[in-house]
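# Need the 3D shape of this:
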Amino acid sequence: MNDFSLKRLNDTIRDVPDFPKPGILFKDITPVLADPEVFSIALDAMEEKVTGQRIDKIIGIDARGFIFGAALADRMKAGFIPLRKKGKLPYKSHEVSYSLEYGEATIEIHEDAVSPGERVYLVDDLLATGGTAAAAIDLIGRLKGDLVAVTFLVELAFLNGREKMKTPAPVHSILTY
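Residues are numbered from 1 along each chain as shown. The predicted model follows:
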């Protein structure tokens, strides 16, 4: 990924002060999604992180990870697996609960979403405190998937989210703040 493309991607992300509460500077990726050229730059950068590797399934984390994951799955001719919030999947599933800043959340994956040994690429839009990503990695491990890499479009490094992810797989961020 060249510097010009990364700058264009970075410049397209909108800062929204005091959202969702005072003192937070929200990184809004919706302008990236609205611009087909910039969206393609984001997908190129995420795909580049696993160039030359066989990927069987791409897992996208609810909800914006679905956007990147499904588009990458189509590009890379891989299956797409949605990792959902509790109560949204219709079939038998595994779940993991994890702590949030003000409470707890639970995510689920269908029990047959990944077969043992399948090569999995986990993607999401944002790495903040790392709780959701750590739970996703746990679920992939329960299904005995081979996690190839984890990639986020944006990482808020000052929140130290990488520390919660216990994985030997490489963890990438396209943009870091």
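
# CA only for contacts and neighbour counts going forward, please
Fine.

# Give me the three-state assignment for the residue nearest the centre of the chain.
Nearest residue to the geometric centre of the chain (CA atoms, centre = their mean): Asp124, 1.5 Å. Assigned with DSSP: H, G, I helix; E, B strand; the rest coil, Asp124 falls in the strand class.

# Model confidence for it, exactly?
pLDDT recorded at Asp124 is 98.

# How about it: what's its closest non-neighbour residue?
Closest residue in space to Asp124, ignoring its immediate chain neighbours: Gly65 at 4.0 Å, by CA to CA, 6 or more residues apart in numbering.

# host element of that neighbour?
Secondary structure assignment for Gly65, by DSSP states H and E: helix 64-76.

# Validate this expectation: Ile109 resides in a strand.
Yes - membership of Ile109 in a strand is supported by three-state DSSP.

# Surely it and Leu89 touch.
Yes - taking CA atoms under 8 Å as the definition, Ile109 is a contact partner of Leu89 at 7.5 Å.

# The most far-flung residue of the chain relative to its centre in helix, strand or coil?
Largest separation from the mean C-alpha position in the chain: Pro22, at 25.6 Å (CA atoms, centre = their mean). Secondary structure, three-state DSSP: Pro22 is coil.

# Of Ile109 and Leu89, give the one with the bigger neighbour count.
Ile109 (26 against 15; other CA atoms under 10 Å).

# Quick check: bridge partners of the more buried one?
On the basis of DSSP bridges, Ile109 is bridged to His94.

# Give me the pLDDT value at it.
Per-residue confidence (pLDDT) for Ile109: 98.

# Pull the contacting residues for it.
For Ile109, the contacting residues are Pro82, Leu83, Arg84, Leu89, Ser93, His94, Glu95, Leu139, by CA atoms under 8 Å, 6 or more residues apart in numbering.

# ditto for Val150
Val150 neighbours (CA under 8 Å, 6+ apart): Tyr121, Leu122, Val123, Ala169, Pro170, Val171, His172.
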